[in-house]
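Novice: fold the following for me, if possible:
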Amino acid sequence: MRLFNCINKKITLLSSLLVVFLVPVNSWSADFEGNLDFFKGFDWEAVHKEVAQKNQAAPKNSQDRKPDTKKGPFEMVQTTEVTIQLEKKMPAMQGSSDKPFLGPDPMESDFEDDPFATPKEEVPPLDDPIEGFNRSVYKFNDTVYDNLLRPVAETYRDLVHEEVRIAIRNLFNNALAPVKLVSSVVQLDPEKAGRVVGRTLLNTIFGWGGMLDVAGQEYGIKDVNEDFNQALGYHGVGSGPYVVLPFLGPTTLRGVAGRVVDSFLSPTIVAAPGFAVGAALSGSRIVNDTSFRIEDIDALKKDAIDPYVSMRDFYHQYTEGQIKK
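Specialist: Below is the predicted model:
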């Protein structure tokens, strides 16, 4: 009986792993087949014939050969035996240039913006008049992260399956619908407001209260990333000085005002039966989100000459980019 139970557990574990790995493989296979269309339509036979004709017409004596200075899509490459014609630039492949056959990186599709990309419009400067104080708070937050938040998030990541953590992240994201809706309405954006309402209804009713992103995966309704800080910026309210808050991290004077308004709209704070429950829900969300970002935070801190300045610029560029969307 003990042997039977052991075999049964292994079969259950293997089935779970197959579900986790086969779902993304199934979605990537369509991109892979789409990239092969490039080779289906390319006339390689014509290229080989043209290369053979060029080689036959080339002078037999290597000393009589002259370099071809004519500019065009092909260039002549001299060798000891034969002149080979190579194409300077092949037609562009679909998907990422680093992975031409795999299509777009599935992780990149989760983010609509690259905060490090060159902005189309010049980002207004950010004042940091209390840099000394901000650096002290940043160092304090970094110490708390290294000695408390990161170890807890790593242990949590090791114990809780990724699919469960994604479901929890979706659940918190769905609960922030009032914040997104009010921000979209204040910005007079009915399209985003409609997406918030549609996603909330679909995910709440058909997605087990929001744990499953039915609206995005089944109906293609993209998520909305809005808060009251962006709403204030949309109406021309300046960011104000840069501030680093204990435990809460980087923000601005406008961001502080936005967070106060968002706190009155967040169900995890307003609908909580008490302060302790609200704090526990907020802490759970922070730990769960951090479990997905540990490597990203490490890379930012490792590659930065001055992590404080890098974090400040990252926050400012990202926030201003969201406002201009």
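Novice: for the residue nearest to Asp213 when sequence neighbours are not counted, grab the count of nearby residues.
Specialist: Excluding its sequence neighbours, the residue lying closest to Asp213 (C-beta to C-beta, 6 or more residues apart in numbering) is Asn170, at 5.5 Å. Using the backbone N, CA and C atoms, a C-beta is placed for each residue, glycine as well. With neighbours defined by other C-beta atoms under 10 Å, the count for Asn170 comes to 21.
Novice: and if you look at Leu201?
Specialist: By the other C-beta under 10 Å criterion, the neighbourhood of Leu201 contains 14 residues.
Novice: pretty sure the residue nearest to Asp213 sits in a helix.
Specialist: Yes: counting by DSSP: H, G, I helix; E, B strand; the rest coil, Asn170 falls inside a helix.
Novice: model confidence score at Glu131, please.
Specialist: If you check Glu131, the pLDDT there is 96.
Novice: what are the phi and psi values at it?
Specialist: phi -60, psi -40 (degrees, to the nearest 10).
Novice: which parts of the stretch 201-325 of the chain are helices?
Specialist: Applying DSSP state H, counting those that start in this stretch to the stretch 201-325 of the chain gives helices spanning 214-219, 228-234, 253-265, 267-270, 275-290, 294-303, 307-324.
Novice: could you list the low-confidence segments of the stretch 51-200 of the chain?
Specialist: 51-121 (pLDDT under 70).
Novice: try 50 this time
Specialist: For the stretch 51-200 of the chain, the stretches with pLDDT under 50 are 51, 62-112, 115-116, 118-119.
Novice: and the strands in it?
Specialist: Taking DSSP state E, counting those that start in this stretch as the criterion, the stretch 51-200 of the chain carries its strands at 74-78, 83-87.
Novice: can I get stretch 219-232 in CSV? Just the C-alpha atoms.
Specialist: Taking Å, rounded to 0.1, in the frame of the first residue of the first chain, the C-alpha atoms of stretch 219-232 are listed here in CSV:
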residue,chain,number,x,y,z
TYR,A,219,-11.2,38.1,-24.7
GLY,A,220,-8.0,40.1,-25.3
ILE,A,221,-9.0,42.9,-22.9
LYS,A,222,-5.7,44.4,-21.7
ASP,A,223,-5.2,45.5,-18.2
VAL,A,224,-5.2,49.1,-17.1
ASN,A,225,-2.4,50.5,-15.0
GLU,A,226,-3.8,53.7,-13.5
ASP,A,227,-3.8,55.5,-10.2
PHE,A,228,-4.6,58.9,-8.9
ASN,A,229,-1.0,60.1,-9.2
GLN,A,230,-1.3,59.7,-12.9
ALA,A,231,-4.7,61.4,-12.9
LEU,A,232,-3.2,64.5,-11.2
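Novice: in that stretch, which residues are buried?
Specialist: Neighbour-count burial for stretch 219-232, counted by 16 or more other C-beta atoms under 10 Å, picks out 221, 223-232.
Novice: kindly report the same for stretch 231-239.
Specialist: In stretch 231-239, counting by 16+ other C-beta under 10 Å, buried: 231-234, 239.
Novice: could you do stretch 240-260 as well?
Specialist: For stretch 240-260, the neighbour count (16+ other C-beta under 10 Å) marks 242-244, 250-252, 254-255, 257-259 as buried.
Novice: turn the residues you listed into JSON lines, including distance to Lys302 and pLDDT.
Specialist: Output for the buried residues of stretch 240-260, formatted as JSON lines (distance: C-beta to C-beta, whole Å; pLDDT from 0 to 100):
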{"residue": "Tyr242", "distance to Lys302": "23", "pLDDT": "97"}
{"residue": "Val243", "distance to Lys302": "25", "pLDDT": "97"}
{"residue": "Val244", "distance to Lys302": "20", "pLDDT": "97"}
{"residue": "Pro250", "distance to Lys302": "19", "pLDDT": "96"}
{"residue": "Thr251", "distance to Lys302": "24", "pLDDT": "96"}
{"residue": "Thr252", "distance to Lys302": "26", "pLDDT": "97"}
{"residue": "Arg254", "distance to Lys302": "31", "pLDDT": "97"}
{"residue": "Gly255", "distance to Lys302": "26", "pLDDT": "96"}
{"residue": "Ala257", "distance to Lys302": "34", "pLDDT": "96"}
{"residue": "Gly258", "distance to Lys302": "31", "pLDDT": "95"}
{"residue": "Arg259", "distance to Lys302": "29", "pLDDT": "94"}
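Novice: what is the nearest of those residues to Asp189?
Specialist: Nearest to Asp189, judged by C-beta to C-beta, of the buried residues of stretch 240-260 is Gly258 at 16.4 Å.
Novice: which residues does that closest one contact?
Specialist: 227-232 (C-beta atoms under 8 Å, 6 or more residues apart in numbering).
Novice: now, the most widely separated pair of these?
Specialist: Asp227 and Leu232 (9.5 Å).
Novice: understood, closing this out.
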